[in-house]
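>>> structure, please.
(one chain, ligands or ions: 1)
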Amino acid sequence: MTKAKRTIDDLTIWDDAIQMIRKAQKEGVETVWDRLEQQEPHCPFCEKGLTCQKCVMGPCRISEKKPRGVCGADADLTVARSFGRFVAAGAASHSDHGRDLVETLHAIGRGRTTNYKILDEAKLKRIADEIGVESTGKSIKELALAVAESMIQDYGFLHNNLGFLSRVPQKRKDLWNKLGITPRGIDRDIVEMMHRTHMGVDSDAVSLCLHSAKVCLGDGWGGSMIGTELSDIIFGTPTPKMGKVNLGVLKTDQSNILVHGHSPIVSEMLLNAVNDPEIKKEVQATGARGINMAGLCCTGNEVLMRKGIPMAGNHLMTELAIITGAVELILVDYQCIMPSLVQVSDCYHTKFVSTSDKALFTGAEHVEFNYTNAGSQALKVVRMAIENFGRRDQTKVEIPQEPVELMTGFSNEAILSALGGTPDPLIEALKAGQVRGAVGIVGCNNPKLKHDYVHTILARELIKKDILILVTGCATSAMGKAGLMMPAAANQAGEGLKAVCQSLGIPPVLHVGSCVDNARILHLCAVLANTMGVDIADLPVAASAPEWYSEKAAAIGLYAVASGIYTHLGLPPNITGSETVTNLALGGLEDVVGACFAVEPDPFKAAELIDARIRTKRTALGLDA
Ligand code: MSK
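Okay, the predicted model is just below:
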């Protein structure tokens, strides 16, 4: 049966997005939704994970009539191998991002950079202590070097132990050891996945799934956690502050620069350059009233959390932001940057500038940033944007609506400080049922789903049930635009959560950061579990990636489950061709790691599933007896 064509109103819930999709259609600019339509219907074999392209005896397609590939791999093995590589790519992405922070910290420690320094010395000392690095008698630079060197080992295979495993509750560590899924070295386990999934190596679907869990745990408690903690040490640990979101953050009379991708290494330098007094003088000469920096996706989350830089939008808003015609320059680092942004930029005067040698874009201008040149490269880029303001065609400019205000900056340090320095008030609120549980709503947008519909409805339904939301990644823009990240949104929560939020002056949806910052949620769960003397799987918590699309999001989902956190997905990964792998994901893992996945595209039903899970956990803890 042919699928009915979707109208613009079926694509997104937002007025700013609808206005820009109409503008794109009028101006003949192709967007992600057009390309999705061109690609549909998708190959059913690929959707179920039943294709294999790993060798040239194939490619093979597994079906009832042809149940084995040329090498003999059946549906289970074909799905498990390809899912293993899928999550390994996700773990590699976060972890390589974390590595860039380690390299920067190492350069600071060796005195090889004047562009970067330590902003949170107290956190550096705390982290050193947690990962077993002696700080006594060391200068800050010496300590930075020692911490960096210890983390370099986390990537390798010399000490077979990740520093942040010190945070994991003992019961969980014992379980991982029993199952053989304790991550040993971040790179080692990822590379081993590539090896295992070569034809003729690991040919057991369950064994591959367990190794997938190990790889993802190395991401969550390794690469991502390193990325988060070192970003705080170098750029400052976020504290609560106000920000703004939606396309209305762009300015008609200023030179607009968008930062996009994931790493704060580039965007923080750009922010310094934007605030440079010389640059401020130079911009006045162009007729622009100033330079306006705004964020997209997770680079946007990083600078929103730390500096309150406004957020233009999430993944599906990236093309639309350029379509406003008001963007002088878009500066990208890596991950989630649609290659189409180069072509969309070409339809306007927008300069598309890449910065990482590992993320080049055909047709883009490349200005490489590294720890020795970042300051001067940032000034160069800002000058390119200033100069480009004169090329803007004001007749093409259309900036929709006013921005929405939000509250951001809820690092774990900020949350604990709001609670008086200890998790006890939160635990008391959990025990009293004022806060019945907590859910991390994380992740991307996917054009197959109505943009931000599942995110926002799910959050509204959960807060009504006195469930606190922690939000990261692209889900953040959704919650912000919906007004759920303002303290006033407490009025939409159940009576218990409302009272807690009002007494602390916080919203019921707390922004904890970017994709790598899901590690903050893992850490907070560990702190609660350790304080209560239970395992993470015993807590009344859950995770949800309602509109996910990426390999990274799948890795996050799997490290959450393997850490004992029940995880909802709005749509399934490409695994449904294997009964063994699907059954393991949707139920079997519960008996293995104490949590599993649930797939549900309807946000109302998803809220019921999560609520039921939290009720079960509360009862087991004796909280709802
Ligand atoms: S940016 S991984 S679309 S959350 Fe982290 Fe957004 Fe998903 Fe990328």
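>>> how about the residues of the chain near the ligand?
Contact residues, the chain versus the ligand (C-beta under 6 Å from any ligand atom): 262, 297-298, 314-315, 336, 443-444, 473-474, 514-515, 550, 552-553. Placement of C-beta: from N, CA and C, glycine included.
>>> which of those residues has the weakest pLDDT?
When the residues of the chain next to the ligand are sorted by pLDDT, the bottom entry is residue 443 at 90.
>>> shouldn't that one be within a helix?
No - counting by DSSP: H, G, I helix; E, B strand; the rest coil, residue 443 falls outside a helix, being coil.
>>> need phi/psi at the closest residue to it other than its chain neighbours.
The shortest distance from residue 443 to any non-neighbouring residue, by C-beta to C-beta, 6 or more residues apart in numbering, is to residue 545 (3.7 Å). Main-chain dihedrals, residue 545, degrees, to the nearest 10: phi -120, psi 80.
>>> now the strands for the stretch 451-600 of the chain?
467-472, 509-513, 541-545, 566-569, 597-599 (DSSP state E, counting those that start in this stretch).
>>> just put those strands in a markdown table and tack on mean neighbour count.
Formatted as a markdown table, the strands of the stretch 451-600 of the chain follow (neighbours: other C-beta atoms under 10 Å):
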| stretch | mean neighbour count |
| --- | --- |
| strand 467-472 | 27 |
| strand 509-513 | 29 |
| strand 541-545 | 29 |
| strand 566-569 | 26 |
| strand 597-599 | 20 |
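>>> in CSV: those strands, plus mean pLDDT and distance to residue 69.
Formatted as CSV, the strands of the stretch 451-600 of the chain follow (pLDDT from 0 to 100; distance: least, C-beta to C-beta, whole Å):
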stretch, mean pLDDT, distance to residue 69
strand 467-472, 98, 38
strand 509-513, 98, 41
strand 541-545, 98, 30
strand 566-569, 98, 27
strand 597-599, 98, 26
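>>> I'd like those as TSV, with distance to residue 478 appended.
Output for the strands of the stretch 451-600 of the chain, formatted as TSV (distance: least, C-beta to C-beta, whole Å):
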stretch	distance to residue 478
strand 467-472	8
strand 509-513	10
strand 541-545	12
strand 566-569	15
strand 597-599	20
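>>> return the residues in contact with the residue nearest to residue 443.
441-444, 553, 556-557, 567-570 (C-beta atoms under 8 Å, 6 or more residues apart in numbering).
>>> so which of these comes closest to the ligand?
Among the contacts of residue 545, residue 444 lies closest to the ligand (C-beta to the nearest ligand atom), at 2.9 Å.
>>> now do that closest one against residue 566, distance only.
Distance of residue 444 to residue 566, given as C-beta to C-beta, to the nearest Å: 20 Å.
>>> could you point out the longest helix in the protein?
What stands out as the longest helix in the chain, according to DSSP state H, is helix 75-109.
>>> export the following helix or strand past it to PDB, keeping only CA atoms.
Using DSSP states H and E, the helix or strand that directly follows helix 75-109 along the chain is helix 121-130. Extracted C-alpha coordinates of helix 121-130, given in PDB (Å, rounded to 0.1, in the frame of the first residue of the first chain):
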ATOM      1  CA  GLU A 121      40.900  23.700  39.200                       C
ATOM      2  CA  ALA A 122      38.800  22.300  42.000                       C
ATOM      3  CA  LYS A 123      37.100  19.900  39.600                       C
ATOM      4  CA  LEU A 124      40.500  18.800  38.200                       C
ATOM      5  CA  LYS A 125      41.500  17.800  41.800                       C
ATOM      6  CA  ARG A 126      38.200  16.000  42.400                       C
ATOM      7  CA  ILE A 127      38.500  14.000  39.200                       C
ATOM      8  CA  ALA A 128      42.100  13.200  39.900                       C
ATOM      9  CA  ASP A 129      41.100  11.800  43.200                       C
ATOM     10  CA  GLU A 130      38.200   9.800  41.700                       C
END
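>>> give me the contact list for helix 121-130.
Contacts of helix 121-130 (C-beta under 8 Å, 6+ apart): 118, 134-135, 140, 143-144, 146-147, 163-164, 166-167, 229, 232-233, 237, 413.
>>> run through the residues that contact the most centrally placed residue in the chain.
By C-alpha atoms, centre = their mean, the chain has its centre lying nearest to residue 515, at 1.7 Å. Neighbouring residues of residue 515 by C-beta under 8 Å, 6+ apart: 94, 224, 262, 298, 301, 442-443, 472-473, 552-553, 556.
>>> ok, residue 460 next?
Contacts of residue 460 (C-beta under 8 Å, 6+ apart): 482, 484, 492.
>>> so which of those belong to helices?
Short answer: the contacts of residue 460 have none in helices (DSSP H).
>>> now the residues you listed in CSV, with pLDDT?
Output for those, formatted as CSV (pLDDT from 0 to 100):
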residue, pLDDT
482, 98
484, 98
492, 98
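>>> now those as a markdown table including neighbour count?
Shown next, in a markdown table, are the contacts of residue 460 (neighbours: other C-beta under 10 Å):
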| residue | neighbour count |
| --- | --- |
| 482 | 23 |
| 484 | 24 |
| 492 | 18 |
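>>> between those residues, which is closest to residue 541?
residue 484 (18.8 Å; C-beta to C-beta).
>>> relative to residue 475, how far out is the closest one?
Distance from residue 484 to residue 475, by C-beta to C-beta: 10 Å.
>>> just the closest residue of the stretch 451-600 of the chain to the ligand, please.
Taking C-beta to the nearest ligand atom, the stretch 451-600 of the chain has residue 473 as its residue nearest the ligand, at 2.9 Å.
>>> didn't that residue look like it was pressed against residue 440?
No - using C-beta atoms under 8 Å as the test, residue 473 is too far from residue 440 to be in contact (9.9 Å).
>>> flag every buried residue along the lowest-mean-pLDDT helix or strand in the chain.
Least confident helix or strand of the chain, by mean pLDDT, DSSP states H and E, is helix 277-284 with a mean of 92. Buried residues in helix 277-284, counted by 16 or more other C-beta atoms under 10 Å: 279, 282-283.
>>> pLDDT below threshold where in the stretch 501-625 of the chain?
In the predicted model, the stretch 501-625 of the chain carries pLDDT under 70 at residues 625.
>>> that older thread, for the longest helix of the chain, which helices and strands make contact with it?
Applying 3 or more C-beta pairs under 8 Å, 6 or more residues apart in numbering; DSSP states H and E, we find helix 75-109 packed against strand 51-52, helix 140-155, helix 186-196, helix 205-218, helix 224-235, helix 264-274, helix 551-562, helix 579-583.
>>> that helix versus helix 186-196: what angle between them?
150 degrees (axes from the mean of the first three to the mean of the last three C-alpha atoms, to 10 degrees).
>>> off-centre distance for helix 75-109?
Distance, stretch centre to chain centre, for helix 75-109: 13 Å (C-alpha atoms, centre = their mean, to the nearest Å).
>>> the inter-axis angle of it versus helix 140-155?
Using the same axes, to 10 degrees: helix 75-109 against helix 140-155 is 160 degrees.
>>> now do helix 75-109, average pLDDT.
pLDDT averaged over helix 75-109 gives 98.
>>> next, the angle helix 121-130 makes with that helix.
130 degrees.
>>> hang on, the earlier thing: ok, so of the buried residues of helix 277-284, who is nearest residue 593?
Nearest member of the buried residues of helix 277-284 to residue 593, counting by C-beta to C-beta, is residue 279, at 51.5 Å.
>>> I'd say the closest one and residue 270 touch.
No - using C-beta under 8 Å, residue 279 is not in contact with residue 270, being 10.8 Å away.
>>> okay, and the common contacts of these two?
With C-beta under 8 Å, 6+ apart, residue 279 and residue 270 have common neighbours residue 382.
>>> neighbour-wise, which of the residues of the chain next to the ligand leads?
residue 474 (35 neighbours; other C-beta atoms under 10 Å).
>>> quick check, that residue in contact with residue 445.
Yes - with contact defined as C-beta under 8 Å, residue 474 reaches residue 445; the gap is 5.5 Å.
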